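[1] predicted model and sequence follow; I will ask about them next.
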Amino acid sequence: MCMHVVRRSSESLRLALPPTSYKRRTRESAREHRVRSAMAETNGLMLLNFWPSPHGMRCRVALAEKGLKYVYREEESIMECKSRLLVKSDPVRMRVPVLLHDGKPVCESLIIVQYLDEVWPDRAPLLPADPYGRAKARYWADFIDKEIFECGLKLWKLEGEKQDEARDQFLRALKILEGELGEKKYFGGDTFGFVDVTLVPVVAWYRTYELFGSFRTEMHAPRLMAWGKRCLERESVAMSSLPDPHKVHQFVRFLRNKKPGLQPF
Ligand SMILES: N[C@@H](CCC(=O)N[C@@H](CS)C(=O)NCC(=O)O)C(=O)O
């Protein structure tokens, strides 16, 4: 019955449209159909991302930790223009990552990770159960955002004294994080948690930070390096979620060399 209705409606569509628009329409509806069936298998989840984004990597690791399937959509030319879906989903900042859940957008990586943890609290919980533990985890996540990833941008976007200042700030932050990790296996203790998810994209970015900032992380933060290796052994973090550090460096080098007024690197 249903099949019949579909066939009849597509036939009348074919009769009503000139041949080229008919083909375009059917191609579009085939694509929409593929997306709809993929969405049905994926808890209604879709991630808009750009592969080198450390913020997007967090979301991918959190989704993998929770064993959630999702539709992945790459914003291929985010530097030049944004897709209509991204503009509609985050009209204020138009930045990735954005998680769509049943079509509703959730923006900002740390908010996305916390949202996933609230909707699927029983699958690999990421935030501690007690309010004080949660407050502490959020404090460290905020520290990592500002002192590692925001400061990391300055390592490749700046030169001279300003870059030196950024390097000092970055290395100081690594030392502080070494202290916070201490002898623990993960920031979350024995279990991989919210702070680990927040910081782990640094593993794909170390090489870039080191080459632009002229330092060796190993010399300043050996415990963090060991932590990074432990994280990489997790299925959720293994290269399906984190890109090749060499590829990240090549990409950043390309961006930097396009910036006017800076020495090519
Ligand atoms: N605080 C945001 C940062 C997101 C962000 O900076 N996204 C970058 C990619 S890493 C972006 O979309 N840049 C494009 C633009 O700003 O136009 C988060 O945690 O999600």
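    Everything's here; your move. Residues are numbered from 1 along each chain as shown.
[2] below-threshold pLDDT in the stretch 51-200 of the chain: ranges please.
    Applying pLDDT under 70 to the stretch 51-200 of the chain flags no residue at all.
[3] which other residues reach stretch 159-173?
    143, 147-148, 151-152, 154-155, 158, 209, 212-215, 220, 262-263 (Cβ atoms under 8 Å, 6 or more residues apart in numbering). (Glycine included, C-beta is placed from N, CA and C.)
[4] enumerate the positions of it that are buried.
    For stretch 159-173, the neighbour count (16 or more other Cβ atoms under 10 Å) marks 163, 166, 167, 169, 170, 171, 173 as buried.
[5] quick check: closest non-adjacent residue to the closest residue to the ligand within the stretch 101-250 of the chain.
    Distances between the stretch 101-250 of the chain and the ligand by Cβ to the nearest ligand atom are smallest at residue 109, namely 3.5 Å. Closest residue in space to residue 109, ignoring its immediate chain neighbours: residue 55 at 3.7 Å, by Cβ to Cβ, 6 or more residues apart in numbering.
[6] pLDDT on stretch 253-265, on average?
    The predicted model gives stretch 253-265 an average pLDDT of 85.
[7] just the terminal-to-terminal distance for that stretch.
    One end of stretch 253-265 to the other measures 7 Å (Cα to Cα, to the nearest Å).
[8] wait, what's in contact with the residue nearest in space to the middle of the chain?
    Centroid-nearest residue in the chain, with Cα atoms, centre = their mean: residue 56, separated by 0.8 Å. Residue 56 is in contact with 47, 49, 50, 96, 97, 109, counting by Cβ under 8 Å, 6+ apart.
[9] for residue 89, same thing?
    Contact analysis of residue 89 by Cβ under 8 Å, 6+ apart lists 48, 98, 100, 105, 107.
[10] can you turn the buried part of the contacts of residue 56 into a PyMOL selection?
    Listed next is the PyMOL selection for buried residues among the contacts of residue 56, using 16+ other Cβ under 10 Å:
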select buried, resi 47+49+50+96+97+109
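[11] narrow the contacts of residue 56 to those in strands?
    Cross-referencing the contacts of residue 56 against strands under DSSP state E gives 47, 49.
[12] now for the contacts of residue 56, which pair is the farthest apart?
    50 and 109 (12.0 Å; Cβ to Cβ).
[13] was I right to think residue 199 contacts residue 145?
    No. With contacts counted by Cβ atoms under 8 Å, residue 199 stays clear of residue 145, the gap being 9.7 Å.
[14] between these two, tell me which one has more neighbours.
    Shown here are residue 199 and residue 145; by other Cβ atoms under 10 Å, residue 199 has more neighbours (26 against 19).
[15] so which of the contacts of stretch 159-173 is the most crowded?
    Counting neighbours by other Cβ under 10 Å, residue 209 comes out on top of the contacts of stretch 159-173 with 25 neighbours.
[16] ok, that one - contacts?
    Neighbouring residues of residue 209 by Cβ under 8 Å, 6+ apart: 152, 155, 156, 170, 202, 215, 217.
[17] repeat that with 6 Å
    Listed by Cβ atoms under 6 Å, 6 or more residues apart in numbering, the contact set of residue 209 reads 152, 155.
[18] for the ligand, what are the nearby residues on the protein?
    For the chain, the residues in contact with the ligand (Cβ under 6 Å from any ligand atom) are 50, 53, 55, 78, 94, 95, 96, 97, 108, 109, 110.
[19] can you give the contact residues for stretch 216-224?
    Contacts to stretch 216-224, defined as Cβ under 6 Å, 6+ apart, come from residues 171, 174, 178, 181, 206, 210, 225.
[20] that stretch - what's its average pLDDT?
    Across stretch 216-224, pLDDT averages out at 96.
[21] how about it as PDB, C-alpha atoms only?
    Extracted as PDB, the C-alpha positions of stretch 216-224 are listed here (Å, rounded to 0.1, in the frame of the first residue of the first chain):
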ATOM      1  CA  ARG A 216      59.800  19.800  23.600                       C
ATOM      2  CA  THR A 217      56.700  18.900  25.700                       C
ATOM      3  CA  GLU A 218      58.500  15.800  27.000                       C
ATOM      4  CA  MET A 219      61.100  18.100  28.800                       C
ATOM      5  CA  HIS A 220      58.400  20.200  30.500                       C
ATOM      6  CA  ALA A 221      55.600  17.700  31.100                       C
ATOM      7  CA  PRO A 222      56.700  14.100  31.000                       C
ATOM      8  CA  ARG A 223      53.700  12.900  33.100                       C
ATOM      9  CA  LEU A 224      51.300  14.500  30.700                       C
END
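[22] nothing else from me, thank you.
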